[in-house]
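Chemist: attaching a predicted model along with its sequence, questions to come.
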Amino acid sequence: MMKLNTYLTFNGNCEEAMNFYKEILNGEFTTFMRFGEAPPNAFPVADEHKDLVMHCTLEFGEATLMASDTNQPEHLVTGSNYHLSIGTDVTKGEAAFNALSEGGQILMPYADVFWGGKFGMLVDKYGIQWMVSSDHKPED
């Protein structure tokens, strides 16, 4: 099974925006992590970014909206600050990541991540930004 969600990126106001959407959509946060909660050697985080949102999942109805703040504001372009995010098992995730990246640009290779499973980011040959992730459940 594959699930497709929208992933939004904010420039320091993710928490405010997601609380706004939570109230309007009568939703519930199922995940909320700050950059400062990452393991010390996971990736470099400037002190001023430690309280920013690293990942947030908002569930409402049968929908999911995910978001984070950027820790590289110089690379954020308002209007294209979203990704399509695929969640699936490791094997399907790797196949989707490899196919989507053909002719595109890999931003982060599909690899093991500290929160479990695998994750990767890319821009496909049409300029669409994708995230592909798998949970850390072992496959049978």
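Modeler: Noted; the coordinates are in hand. Note that the structure is predicted; figures quoted are calculated from it, not measured.

Chemist: in stretch 41-52, which residues are buried?
Modeler: For stretch 41-52, burial by neighbour count (16 or more other CB atoms under 10 Å) applies to 45, 49, 52. Every C-beta, even on glycine, is put in place using the N, C-alpha and C of the backbone.

Chemist: TSV for these, including distance to residue 70 and pLDDT?
Modeler: Shown next, in TSV, are the buried residues of stretch 41-52 (distance: CB to CB, whole Å; pLDDT from 0 to 100):
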residue	distance to residue 70	pLDDT
45	12	82
49	9	86
52	8	94
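
Chemist: pick the one among these closest to residue 22.
Modeler: Closest to residue 22 out of the buried residues of stretch 41-52 is residue 52 (17.5 Å), distances taken as CB to CB.

Chemist: surely the closest one meets residue 16?
Modeler: No - applying CB atoms under 8 Å, one finds residue 52 not in contact with residue 16, separated by 11.4 Å.

Chemist: looking at the buried residues of stretch 41-52, spot the one nearest residue 106.
Modeler: residue 45 (22.1 Å).

Chemist: tell me the contacts of that closest one?
Modeler: Neighbouring residues of residue 45 by CB atoms under 8 Å, 6 or more residues apart in numbering: 35-36, 38, 71.
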